[in-house]
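Visitor: mind looking at a prediction? Sequence and model below.
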Amino acid sequence: MGYQRFLTPGFTPFDPLELARETEKIATRKGKEGLERKYTNFYSAPVYRGVATAYVVGCCLRCVYCWTDASRDFPEKFGKFYSPKEVSKRLFKAAQEGITAKGWESFKNLKVKKLRLSGGEPTIGKEHLLSLLEYVEESPYLFILETNGILLGADKDYVKKLSKFSKKIYVRVSLKAATPEGFTKRTGAIGKFYELPFKALSNLLEEGIYTRAAAMTDLRIMTFTERKILKEKLYKIDPFLSVNLEEESINPYPYTIKRLKAAKIKIKRLT
Ligand code: SF4
């Protein structure tokens, strides 16, 4: 089977850990200053009351509602390789410059105190992320790790290593489903892997890392029953996660619409 792109009807479910390994081969390379990873952009955004963002290439899921650009599906075609040190420098610079992007003029006076990687899955390339966090550790910034939880659920050693930075990081695990069927339908991955993001939450809490759960619970794509199961599963891990669940809904971003159309999924008021 070739490299998994966006989902189309009748797709064959894939192993997300295998896709993470494949993506790592494409989106990282050994460099003089450690493992380099591909990025397409560095900028500050008004979310989290101001966050410097490095737009990373590549992911190990294929969510049908994903908003990120084509670099998710064609990582070989996009981005440039940067060492962890270069990424840290660019993030610090973006934070110092503040919000300058067109369309966000009203946020230009917002002081940026946080950093994150977005656009793909930041945990792909373990050595790269851990090395980047060494630089963040020396900075005045807080790091928000937004992850789908696949690798952190499968690799306890990864979470243990992240715990070294527990004063600096906040991990936001984004859940996609609470049943194997829902997981395959929305992410393209084999159903049995649906537990990994929940396992990631348990692993993170065990290591004393501040973590929160987010989930795409839009009722146009997840049933009320599945949402209930999701909240119950979170409650069993820690009531705080369930009570403070950040619920997301699908927005009509250009690539979201393209992916839903490619998968032939119809959503009210979107496609
Ligand atoms: S996990 Fe996030 S980046 Fe990856 S496909 Fe899903 S929505 Fe997109």
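Guide: Received the coordinates, thanks.

Visitor: residues in this protein within reach of the ligand, list them.
Guide: With CB under 6 Å from any ligand atom as the criterion, the chain meets the ligand at residues 59, 61, 62, 63, 66, 68, 72, 120, 121, 148. C-beta: built from backbone N, CA, C; applies to glycine.

Visitor: now tabulate those residues in TSV and tack on neighbour count.
Guide: Formatted as TSV, these follow (neighbours: other CB atoms under 10 Å):
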residue	neighbour count
59	26
61	24
62	23
63	23
66	24
68	22
72	25
120	28
121	27
148	26
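
Visitor: export those residues to CSV and tack on secondary structure?
Guide: As requested, these are exported to CSV (DSSP: H, G, I helix; E, B strand; the rest coil):
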residue, secondary structure
59, coil
61, coil
62, coil
63, coil
66, coil
68, coil
72, helix
120, coil
121, coil
148, coil
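
Visitor: I'd like those residues laid out as CSV, including pLDDT and distance to residue 222.
Guide: Conversion of those to CSV gives the following (pLDDT from 0 to 100; distance: CB to CB, whole Å):
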residue, pLDDT, distance to residue 222
59, 98, 20
61, 98, 15
62, 98, 17
63, 98, 12
66, 98, 15
68, 97, 20
72, 98, 21
120, 98, 23
121, 98, 21
148, 98, 16
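
Visitor: nearest to residue 4, of these?
Guide: Using CB to CB, residue 62 comes nearest to residue 4 of the residues of the chain next to the ligand, at 6.1 Å.

Visitor: ok, the closest one touching residue 187?
Guide: Yes - look at residue 62 against residue 187 with CB atoms under 8 Å: they come within range, at 6.1 Å.

Visitor: show me where pLDDT drops low in the stretch 151-271 of the chain?
Guide: Under the criterion pLDDT under 70, no range of the stretch 151-271 of the chain is flagged.

Visitor: swap the cut-off to 90 and go again
Guide: For the stretch 151-271 of the chain, the stretches flagged by pLDDT under 90 are 268-271.
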